[in-house]
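> Next comes the sequence, and after it the predicted model I'd like to discuss.
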Amino acid sequence: QVQLVESGGGLVQAGGSLRLSCVASGSTFTINTIGWYRQAPGKQRDLVASMRSGGSTNYADSVKGRFTISEDNAKNTAYLQMNSLKPEDTARYYCYAEVVHGPFNLQYAYWGQGTQVTVSS
């Protein structure tokens, strides 16, 4: 089993910044892909940003140029730096990871519990 724990959410004014963190813990594992999704009330959960093990990244068009995903492999931690925040960025942000572990080296998908980001106008 692998656990993902997010932190760093909060209330910020429009134009401000926040940095989210996602710490992965558990038995021996390898992260193939790690990313951030968000879900606003009444809406579907959408991809915000993701990073593959080779370092390639993918961003939603709505956050390109404002958000940056990064990873500290030594700490098994992923970050989402969010700048120039807008009220429409308000949502619960979830960490997601595709992880290889176990005796057969199978890939599993995990989600964190999420952290709330609220951007006031």
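Structure received. Residues are numbered from 1 along each chain as shown.

> Now do the buried residues in stretch 103-115.
Residues of stretch 103-115 classed as buried: 110, 112, 114-115 (neighbour count, 16 or more other Cβ atoms under 10 Å). All C-beta atoms are positioned from the backbone trio N, CA, C, and that covers glycine.

> Identify all contacting residues around that stretch.
2-9, 20, 22, 24, 32, 39, 92-102 (Cβ atoms under 8 Å, 6 or more residues apart in numbering).

> May I have it as PDB, with CA atoms only?
The C-alpha coordinates for stretch 103-115 follow below in PDB (Å, rounded to 0.1, in the frame of the first residue of the first chain):
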ATOM      1  CA  PRO A 103       6.100  -8.800  -5.300                       C
ATOM      2  CA  PHE A 104       5.000  -8.800  -9.000                       C
ATOM      3  CA  ASN A 105       5.900  -5.100  -9.700                       C
ATOM      4  CA  LEU A 106       2.400  -4.300 -10.700                       C
ATOM      5  CA  GLN A 107       1.200  -0.700 -11.200                       C
ATOM      6  CA  TYR A 108      -1.500   0.700  -9.000                       C
ATOM      7  CA  ALA A 109      -3.300   4.100  -8.900                       C
ATOM      8  CA  TYR A 110      -3.600   6.000  -5.700                       C
ATOM      9  CA  TRP A 111      -5.400   9.200  -4.600                       C
ATOM     10  CA  GLY A 112      -4.900  11.500  -1.700                       C
ATOM     11  CA  GLN A 113      -7.700  12.900   0.400                       C
ATOM     12  CA  GLY A 114      -7.300  16.300  -1.100                       C
ATOM     13  CA  THR A 115      -6.600  19.800   0.100                       C
END
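
> starting at the chain centroid, how far to that stretch?
From the chain centre to the centre of stretch 103-115 is a distance of 13 Å (Cα atoms, centre = their mean, to the nearest Å).

> same check, this time on stretch 88-95
Mean-position distance between stretch 88-95 and its chain equals 9 Å (Cα atoms, centre = their mean).

> Among the buried residues of stretch 103-115, which lie within strands?
Among the buried residues of stretch 103-115, DSSP state E puts 110, 115 in strands.

> got the buried residues of stretch 103-115 as JSON lines, with pLDDT and distance to Arg45 columns?
Formatted as JSON lines, these follow (pLDDT from 0 to 100; distance: Cβ to Cβ, whole Å):
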{"residue": "Tyr110", "pLDDT": "96", "distance to Arg45": "14"}
{"residue": "Gly112", "pLDDT": "97", "distance to Arg45": "12"}
{"residue": "Gly114", "pLDDT": "97", "distance to Arg45": "10"}
{"residue": "Thr115", "pLDDT": "98", "distance to Arg45": "14"}
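
> Cheers, nothing more for now.
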